[in-house]
Structure formats: structure tokens, C-alpha cells
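J.: no sequence for this one, just the structure:
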């Protein structure tokens, strides 16, 4: 489980390491015929050594250093 303050990196770019500063739930922007979709958890990650904040889906993140 990813929490605020955790060191994380996206599994598709493991060289980017940062700290989670905010987690929010957002409504998806896709619609389906089969029914409604639940919310998506998005983490705001501040990259180490930079002032850049990038948004990632929580499901795309892994804890760094494990």
C-alpha cells in the first residue's frame, strides 16, 4: 500500500525515484456501455533532486528500495 511520505518509483521507469506528497481520488474520463467505473487513485510524486511534481496512478508505483 502506497502512503504519503513513501519513496516510490514507477515500474515503467525505475530510474525516477521520488516521494509521495499527495494522494487523491479522481473520476475516470472514460465511459463504458457496461456500467459505471470507480474512482482512480492518483499520487503526486516529487522527484528526488528536483522540484518537479509528477502525477502517477497509484497502481503504476512501486516502493523504492525494497
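T.: The structure has been received and is ready for your questions. Please read all numbers here as calculations on a predicted model, not as lab measurements. Numbers count the residues shown, from 1 in each chain.

J.: What count of nearby residues applies to residue 56?
T.: Here the neighbour count serves as a burial measure; for residue 56 (other CB atoms under 10 Å) it reads 22. Glycine gets a C-beta too; all of them are placed from N, C-alpha and C.

J.: quick one: which helix or strand includes it?
T.: Counting by DSSP states H and E, the element that carries residue 56 is strand 53-57.

J.: Which strands border that strand, and is each parallel or antiparallel?
T.: Strand partners for strand 53-57, identified by DSSP bridges, are recorded as strand 40-47 (antiparallel).

J.: Give me the buried stretch members for the partner strand, please.
T.: For strand 40-47, a neighbour-count test (16 or more other CB atoms under 10 Å) marks 42, 43, 44, 45 as buried.

J.: for stretch 51-58, same thing?
T.: 56, 58.

J.: Same question for stretch 6-20.
T.: Per 16+ other CB under 10 Å, stretch 6-20 contains these buried residues: 6, 8, 9, 10, 16, 17, 18, 20.

J.: Lowest-confidence entry in the residues you listed?
T.: By predicted confidence (pLDDT), the lowest-ranked of those is residue 16, with 91.

J.: contacting residues for that one?
T.: 9, 10, 47, 54 (CB atoms under 8 Å, 6 or more residues apart in numbering).

J.: Which residues are in contact with the last one?
T.: This points to residue 54. Residues in contact with residue 54, defined by CB under 8 Å, 6+ apart, are 16, 18, 44, 45, 47.

J.: how near is the second one to residue 57?
T.: What that stands for is residue 18. Between residue 18 and residue 57 the computed distance is 14 Å (CB to CB, to the nearest Å).

J.: nearest residue to residue 60 other than its sequence neighbours?
T.: Counting by CB to CB, 6 or more residues apart in numbering, the nearest residue to residue 60 once its immediate chain neighbours are dropped is residue 10, at 5.3 Å.

J.: Residue 40 versus the residue of the chain most remote from its centre, what's the distance?
T.: The outermost residue of the chain relative to its centre, with distances by CA atoms, centre = their mean, is residue 33 at 27.0 Å. Distance check for residue 33 against residue 40: by CB to CB, it reads 19 Å.
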